[in-house]
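J.: whatever this is, show me its structure:
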Amino acid sequence: MQLLRSLMFVPAHRPRMVERALGRGEFAPSALDVAILDLEDGVPPEEKDHARAAIAAVLALPSAGTSPARYVRLNSDVHACDADLAAAVRPGLEGIVAPKIDQADEVVRLARELDEREGGAGIARGSIRIIPSIESARALLEAHAIATCSDRVVALLFGAEDFARDLSLPIAREGEASELLYARSAVVVAAIAARRQAIDGIWPDVADQEGLRRDALQARRLGFSGKSLIHPGQIDRINDMFSPSAEEVSHARRVIDAFEGARLKGLGAVALDGKLLDPPIIERARRTLLLHDAVSRKQRTPPVERPAALEGKRFK
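T.: Numbers count the residues shown, from 1 in each chain. Predicted coordinates for the structure are as follows:
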């Protein structure tokens, strides 16, 4: 499974921010799961071309198991999006974040565009993933169709700030932000029903670690598998919140051991600590162990050294 616990938006025209997100140059290896090289909101209009040019150099860098996956967030404007794809579709690109998606047809068109561009770039057809961003009331109503319209779609991302603006909702940054509870839950249900992952929106106050913890905890309880972010100081907290704890892993192993033991004995009913283990509990234990294995593999894989040809250089 692809780890989608922490996904950070990084302005593509800011080289030091990109290097820090990827754990390159003078920066320590990054624990981030996905670096989203942003061509949309994080880049001023006058810097768009600069950002597109920088992406080619970033995607040319070698990758390893510990390196964040490299996605690009496109602009929603048709002409800008075409220029974005021309710059981004090349070896090294693992996925696209498609913002402001309102209906499935938009994702289908993007998938067809990727079909054509992958061949020309020497990339295996169908290898570039898509994460549509749900940012409006209309998109929420179409969320399941958006999630299922292409095999490229691996997750739905909830864009809380834009969604709240579409509905003219003030977002409370205290407590559990109940005004977004329905929308967040609906995104999770649509994604899980489509066998996709669900990614929660950002926590904008980078100084408020306790607020981030509460918000991420609620997101995990709702069924999100990860959270988007805007600052490296949020990575470790989010990874911790969306990774199984030692207690959860231990319990999951006991559940699977009990199930396998009963199966070998030909027993129909399975119990652990006096409690019946029904299929949903067993499936949840399997998912916990799969996620734990994925996290463990990422932590064990040695980082790739920065190529000598790039030492001392900055992307301009």
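J.: residue boundaries of the helices in the stretch 51-200 of the chain?
T.: Counting by DSSP state H, counting those that start in this stretch, one finds helices in the stretch 51-200 of the chain at the ranges 78-88, 104-121, 137-141, 143-148, 160-166, 181-193.
J.: what about L114, distance to R152?
T.: Counting by CB to CB, to the nearest Å, the gap between L114 and R152 amounts to 7 Å. (C-beta placed from N, C-alpha, C; glycine too.)
J.: compare these two (neighbour count), which wins?
T.: A count of neighbours by other CB atoms under 10 Å puts L114 above the other of L114 and R152, at 24 against 20.
J.: chain neighbours aside, what residue packs nearest to the more buried one?
T.: The shortest distance from L114 to any residue other than its chain neighbours is 5.2 Å, reached at I128 (CB to CB, 6 or more residues apart in numbering).
J.: the one you found: what's it in contact with?
T.: With contacts taken as CB atoms under 8 Å, 6 or more residues apart in numbering, I128 has the following neighbours: V89, L93, E94, G95, I96, L114, E118, R152.
J.: out of the helices of the stretch 51-200 of the chain, nearest to V295?
T.: Closest of these to V295 is helix 181-193, at 20.1 Å (criterion: CB to CB).
J.: elements contacting that closest one?
T.: Applying 3 or more CB pairs under 8 Å, 6 or more residues apart in numbering; DSSP states H and E, one finds that helix 181-193 contacts helix 137-141, helix 143-148, strand 155-158, helix 160-166, strand 197-200, helix 209-222.
J.: go again using 10 Å as the cut-off
T.: Packing partners of helix 181-193 (3 or more CB pairs under 10 Å, 6 or more residues apart in numbering; DSSP states H and E): strand 129-134, helix 137-141, helix 143-148, strand 155-158, helix 160-166, strand 197-200, helix 209-222.
J.: now tabulate those in TSV and tack on mean neighbour count.
T.: As requested, the helices and strands packed on helix 181-193 are exported to TSV (neighbours: other CB atoms under 10 Å):
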stretch	mean neighbour count
strand 129-134	26
helix 137-141	17
helix 143-148	22
strand 155-158	27
helix 160-166	18
strand 197-200	28
helix 209-222	17
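J.: distance check, the residue nearest to L114 against V153.
T.: Where V153 is concerned, I128 sits at a distance of 11 Å (CB to CB).
J.: which neighbours do the two have in common?
T.: Overlap of the contact sets of I128 and V153 (by CB atoms under 10 Å, 6 or more residues apart in numbering) consists of L110, A111.
J.: in this structure, where's the longest helix?
T.: Scanning the chain for the helix with the most residues, using DSSP state H, yields helix 279-300.
J.: circling back to that earlier point, which pLDDT value goes with the residue nearest to L114?
T.: Among the per-residue scores, I128 holds a pLDDT of 98.
J.: for A31, give me its contacts.
T.: Listed by CB under 10 Å, 6+ apart, the contact partners of A31 are 5-6, 23, 66, 68, 232, 235-236, 238-240, 298-299.
J.: what's the lowest-pLDDT member of the residues you listed?
T.: Within the contacts of A31, T66 has the lowest pLDDT, namely 71.
J.: pretty sure that one contacts S296?
T.: No. In this structure, T66 is not within contact of S296 by CB atoms under 10 Å, at 11.8 Å.
J.: between those two, which one's more packed in?
T.: When T66 and S296 are compared for neighbours, T66 comes out ahead with 18 against 12, by other CB under 10 Å.
J.: from S30, how far out is the more buried one?
T.: T66 sits at a distance of 8 Å from S30 (criterion: CB to CB).
J.: if we can go back for a sec, okay, and the common contacts of L114 and R152?
T.: Taking CB under 10 Å, 6+ apart as the contact rule, L114 and R152 both touch I96, G126, S127, I128, R129, I130.
J.: would you work out how far apart the start and end of stretch 18-33 are?
T.: Separation of the first and last residues of stretch 18-33 by CA to CA, to the nearest Å is 14 Å.
J.: could you pull out the buried residues of that stretch?
T.: For stretch 18-33, the buried set under the neighbour-count rule, 16 or more other CB atoms under 10 Å, comprises V18, E19, R20, A21, L22, G23, R24, G25, S30, A31, L32, D33.
J.: which of the residues you listed scores worst on pLDDT?
T.: G25 (66).
J.: can you name the residues bridging to the closest residue in space to P132 that isn't next to it in sequence?
T.: When the adjacent residues along the chain are set aside, P132 lies closest to I101, with 4.2 Å between them (CB to CB, 6+ apart). Each beta-bridge partner of I101 is listed here, defined by DSSP bridges: I134.
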